[in-house]
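Chemist: Using only what follows, build the 3D model:
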Amino acid sequence: MRFTESTEFVHYLQVHGQHAGPTQRPVMAGLITGFIASLIALGVLYGTGGLPLLSERLGISVTSIVIIHIALATVEGMIYGLLLGRAANAKRSAWLFGITYGYFLWVAGPVMLFELIFSVPVARYDLGIPIITSHLIYGISLGILFPYIHAPLHRRLTHMDLSKYGYG
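Modeler: Here you go, the predicted model:
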């Protein structure tokens, strides 16, 4: 298929639901959403009493755990935006994507690490419920907030003035 003008190609992409290039910002939205969701998850972890227990079990300070948690959760939010992209914008099903992602992070993170470090499943610890709860709340928060944070960052090609880029 040959397009005679670049604007025809842009129109072709728009008709087929494609918004190409730097106009879509799922990675940045994932970083921002991951940071906000990490604060919510930390609140849950603190509220359930898991933060001091985690500090005690790992032998590191609560401040270190908070810093590590925020850094990891922010990067995990970026990965969420990168993996799901436009699918994460579905407001009705976003919570389901998020809770699934949170559950996956729980299985890939604390469950495996506690098994390797302590040789005991995380469910045997009094720490198991606070950790899974915080991961699921992180995932739900990530899923629900992502479409609302992504929307202002998303600028459609139809609203751009293409003439300043030499098109049209």
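Chemist: Contacts for whatever helix or strand Ile65 lives in, please.
Modeler: Per DSSP states H and E: Ile65 is located in helix 62-84. The contact list for helix 62-84, computed with Cβ atoms under 8 Å, 6 or more residues apart in numbering, reads 26-35, 37-39, 41-42, 45, 51-52, 54-55, 58, 88, 97-98, 101, 105, 138, 142, 146, 150. (C-beta placed from N, C-alpha, C; glycine too.)
Chemist: any idea of the mean pLDDT for stretch 25-41?
Modeler: For stretch 25-41, the per-residue pLDDT values average out at 91.
Chemist: Using PDB, list the CA coordinates for it.
Modeler: Backbone C-alpha positions of stretch 25-41 (Å, rounded to 0.1, in the frame of the first residue of the first chain) are rendered in PDB as follows:
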ATOM      1  CA  ARG A  25       3.300   7.900  27.100                       C
ATOM      2  CA  PRO A  26       2.500   4.600  28.800                       C
ATOM      3  CA  VAL A  27       6.000   4.300  30.400                       C
ATOM      4  CA  MET A  28       5.900   7.800  32.000                       C
ATOM      5  CA  ALA A  29       2.300   7.100  33.100                       C
ATOM      6  CA  GLY A  30       3.500   3.800  34.600                       C
ATOM      7  CA  LEU A  31       6.300   5.500  36.500                       C
ATOM      8  CA  ILE A  32       4.000   8.100  38.000                       C
ATOM      9  CA  THR A  33       1.300   5.500  38.700                       C
ATOM     10  CA  GLY A  34       3.800   3.100  40.200                       C
ATOM     11  CA  PHE A  35       5.100   5.700  42.600                       C
ATOM     12  CA  ILE A  36       1.500   6.700  43.800                       C
ATOM     13  CA  ALA A  37       0.500   3.000  44.100                       C
ATOM     14  CA  SER A  38       3.700   2.300  46.000                       C
ATOM     15  CA  LEU A  39       2.700   4.900  48.600                       C
ATOM     16  CA  ILE A  40      -0.800   3.300  48.900                       C
ATOM     17  CA  ALA A  41       0.700  -0.200  49.300                       C
END
